[in-house]
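Student: Fold the following, please.
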Amino acid sequence: MVWKRSPKVIALLSGLGDGTIAATHEGLDTLPGRATEHLRALMQHHQLLPPRDRWLPRFEQWIEMKLDGLPAEVARPARHFATWHQLRRIREIADDGHDTQPSARSAKQEITETIKFLTWLHQTHARTIASCTQYDVDQWIATGPTTRHAIRTFLVVCKRDKLNTTVALGHRAARTSPELTQDQRIAWIGELVTGTSETLSYRVAGILILLYAQPLKAVVRLRREAVLDGVPMTIAFGTHPVDVPEPFADLVRQLLRHRTNLRITGEDTPWLFPGRHADTHMFPDTVMHRLRKIGMSNLGARNSALNDLVIECPPPIVADALGYSHQVAFHHAELAGETWARYAGRTIRQP
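Tutor: Model prediction:
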C-alpha cells in the first residue's frame, strides 16, 4: 500500500509494534496527524479500539492552543467560557452519540470572537469583563463586522455566572434570506441531473438539496437503507418516505452501485456518501465547498425548495416528511405567502 510508504506512517506503525506508542486512543493522541486518524478509524471499525468522538479531543487541544500566551485578564474569562460552557455542552452532545462537528465549529467562532473582544477591551480601555460597560459592548458591535455578534453567548454566560450582570446583546436578525428563483432552481436541477460539472456523488447531494430542501448535515448522514428502489423509488428523511422521480432516481441507483471511497471504508459501510476514513461519511463542508465551486448556493437552494414545497403541501406534512420542525415549515410558508392558518394539523400557537 502506498499509504505505508509515508515516513510518518512508518514511525507510527513501528511505535505501535515496539510498544513505544500504546495501542489506545491516548497513545495515538501522542502522534497527531492524518495518518494517525486514518489508523484510528480503521482500528475502531475492526473493534480494536472503542468508538470515540473524533472532534471532541481536537476541540480540547484547540482550546489550549487558542488560550496559550494570552494576558491573564483575557485568558481567565475566555477559559471559563470555553471550558465551563462550550466544552461541557459538546461533551454532552458526544455522550448522547450525536455528531459534534457542527457544534465544535460554532463554538470555535464564538470563542475566537470572545477573545478578540476581551483583547480589545483590555488594550483599548484597560478594562476586564467584570468592569465592562454596555457602551463598550455597543461600540464593539457598531464598529466591526457582523461576526462580532458571536460574543452574545459569552455575555449570556457572564450574566448567568455573575461575571458581569449589567451588559447584554440581543439576537441578530438576518436582513436577507438567500433564495434562488424558480427558474434558477429548475436550471440547477437540470444541470446536476444531465450535466458533467461535478462527479456523481456531489450531483446527487446537490439535487437532494434542490428537490427536498435537505441540510448538508442530513444529506451526508443518509444511509443506504433510507433508499428503497421500488416502483417508485422512495427515500426516507423524516417520519415517512417520499417519492424519488425519474431521471433523478436513476442517478441514485448509479450512486448505490458506484459509491466513492469504498476501498477505504469497505463495501459494508452503511453510508450513502462514504467518507475518507473507515466507518465515516463525507463531511458537510466538503460537499458545500464542491457545490460552491460550481456556483450553487446551498442555503439559497434549500430555502427555495422549502418555500416551494410548503406552498404545494400543508406545512406539517412537509415537515414530517423532510425532518423539519412544524415551526420551521410554517415560517417558510408565511415567507412564501401561504399561511395555511386554518389547516387542521397546525399545532403552533400564534404569538
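Student: Look up the closest residue to residue 290, ignoring the ones flanking it.
Tutor: residue 202 (4.8 Å; CB to CB, 6 or more residues apart in numbering). The C-beta positions use only the backbone N, C-alpha and C, and glycine is treated the same way.
Student: May I have the secondary structure class of that neighbour?
Tutor: When states are read from DSSP: H, G, I helix; E, B strand; the rest coil, the local structure at residue 202 comes out as helix.
Student: In contact with it, which residues?
Tutor: Applying CB atoms under 8 Å, 6 or more residues apart in numbering to residue 202 gives the contacts 287, 290-291.
Student: Looking at those, which are in strands?
Tutor: Using DSSP state E to define strands, no part of the contacts of residue 202 is located there.
Student: Dump the residues you listed to CSV, plus pLDDT.
Tutor: Output for the contacts of residue 202, formatted as CSV (pLDDT from 0 to 100):
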residue, pLDDT
287, 91
290, 92
291, 92
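Student: Can you find the helix or strand in the protein with the smallest mean pLDDT?
Tutor: Sorting the helices and strands of the chain by mean pLDDT, DSSP states H and E puts helix 262-265 at the bottom, at a mean of 70.
Student: measure the residue nearest to residue 290 to residue 270 for me?
Tutor: To residue 270, residue 202 is 20 Å away according to CB to CB, to the nearest Å.
Student: Now do the strands in the chain.
Tutor: 227-228, 233-235, 242-244.
Student: isn't residue 125 right up against residue 137?
Tutor: No: using CB atoms under 8 Å, residue 125 and residue 137 do not qualify as a contacting pair, with a distance of 11.5 Å.
Student: More neighbours: these two, which one.
Tutor: residue 137 (21 against 14; other CB atoms under 10 Å).
Student: State the distance from the more buried one to residue 212.
Tutor: 41 Å.
Student: again with residue 315
Tutor: Counting by CB to CB, the gap from residue 315 to residue 212 is 15 Å.
Student: if I look at the residue lying closest to residue 78 once chain neighbours are set aside, how far off is residue 58?
Tutor: If you skip the residues right next to it in sequence, residue 78 has residue 115 as its closest partner in space, 5.2 Å away by CB to CB, 6+ apart. Look at residue 115 and residue 58: by CB to CB, they are 18 Å apart.
Student: Counting neighbours, go ahead and name the busier of those two.
Tutor: For the pair residue 115 and residue 58, the greater number of neighbours falls to residue 115 (21 against 16), based on other CB under 10 Å.
Student: show me what contacts that one?
Tutor: Neighbours of residue 115 in contact, by CB under 8 Å, 6+ apart: 66-67, 70, 74, 78.
Student: what's the pLDDT at the residue nearest to residue 290?
Tutor: Per-residue confidence for residue 202 comes out at a pLDDT of 94.
Student: And for residue 344?
Tutor: You'll see residue 344 listed with a pLDDT of 44.
Student: The one 3 residues further on now?
Tutor: Predicted confidence (pLDDT) at residue 347: the value is 42.
Student: Distance of the spatially most central residue of the chain relative to residue 310?
Tutor: Residue closest to the average C-alpha location in the chain (CA atoms, centre = their mean): residue 102, at 3.5 Å. The gap separating residue 102 from residue 310 is 24 Å, by CB to CB.
Student: same deal with residue 34?
Tutor: As it turns out, when the distance is counted by CB to CB, residue 34 lies 42 Å from residue 310.
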